[in-house]
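Novice: here is my input, please return the structure:
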Amino acid sequence: MEITVSHELGRLPVSVLHVKGDIDMATAEQIQAQARRAYDEGARNMLLDLSHVPYMSSAGVRAIHEIFTMLRGASPAESDEAIRKGLADGSYKSPHLKLLSPSNRVLEVLKMTGLDMFLEIHRNLKDAVASF
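Specialist: Prediction:
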């Protein structure tokens, strides 16, 4: 697997993690580590480019959830109660983590696990960056 990072500027700065290859038990930690490095360097808004990810296991789901949790920690205004309420009524979407162009196979995993309920999924980079 290969991960590169680019930086885009919309209304807010966005770090884009471009992932190429399968996300499984052996590679999920690499994504978390790269996201942690970006976070430690000041990134507070991230876009995961999944357009070149043909397969994602449950380890990938855990990695995405860990990144979501890390970024949420940067925003204490997002209380557990507010998020639970928003998830229950379908109104909550993460303001700090979004996904770009998952394949149909990866999208199925996102839907089965419910990640698509609170992570926005975009089809092009320009719109994704503008959504932050």
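Novice: list the strands paired with the stretch of helix or strand Glu8 belongs to, with their directions.
Specialist: Using DSSP states H and E, Glu8 maps to strand 2-9. Here strand 2-9 is paired, per DSSP bridges, with strand 13-20 (antiparallel).
Novice: export the strand it pairs with as PDB, just CAs?
Specialist: Taking Å, rounded to 0.1, in the frame of the first residue of the first chain, the C-alpha atoms of strand 13-20 are listed here in PDB:
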ATOM      1  CA  PRO A  13      -7.000  23.900   5.100                       C
ATOM      2  CA  VAL A  14      -7.600  20.200   4.300                       C
ATOM      3  CA  SER A  15      -5.000  17.400   4.400                       C
ATOM      4  CA  VAL A  16      -5.800  14.700   1.700                       C
ATOM      5  CA  LEU A  17      -4.500  11.200   2.400                       C
ATOM      6  CA  HIS A  18      -4.400   9.500  -1.000                       C
ATOM      7  CA  VAL A  19      -4.400   5.700  -0.300                       C
ATOM      8  CA  LYS A  20      -3.500   3.200  -3.000                       C
END
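Novice: picking that back up, in the strand holding Glu8, which residues are buried?
Specialist: Ile3, Val5, Glu8 (16 or more other Cβ atoms under 10 Å). Backbone N, C-alpha and C define where each C-beta goes, glycine included.
Novice: tell me how far Glu66 lies from Asn124.
Specialist: 26 Å (Cβ to Cβ, to the nearest Å).
Novice: residues in contact with the longest helix anywhere in the chain?
Specialist: Using DSSP state H to define each element, the chain has its longest helix at helix 58-72. By Cβ atoms under 8 Å, 6 or more residues apart in numbering, the surrounding residues in contact with helix 58-72 are 23-25, 27-29, 31-32, 35-36, 39, 44-46, 48, 53, 78, 83, 94, 96-97, 99, 109-110, 113, 115, 118-119.
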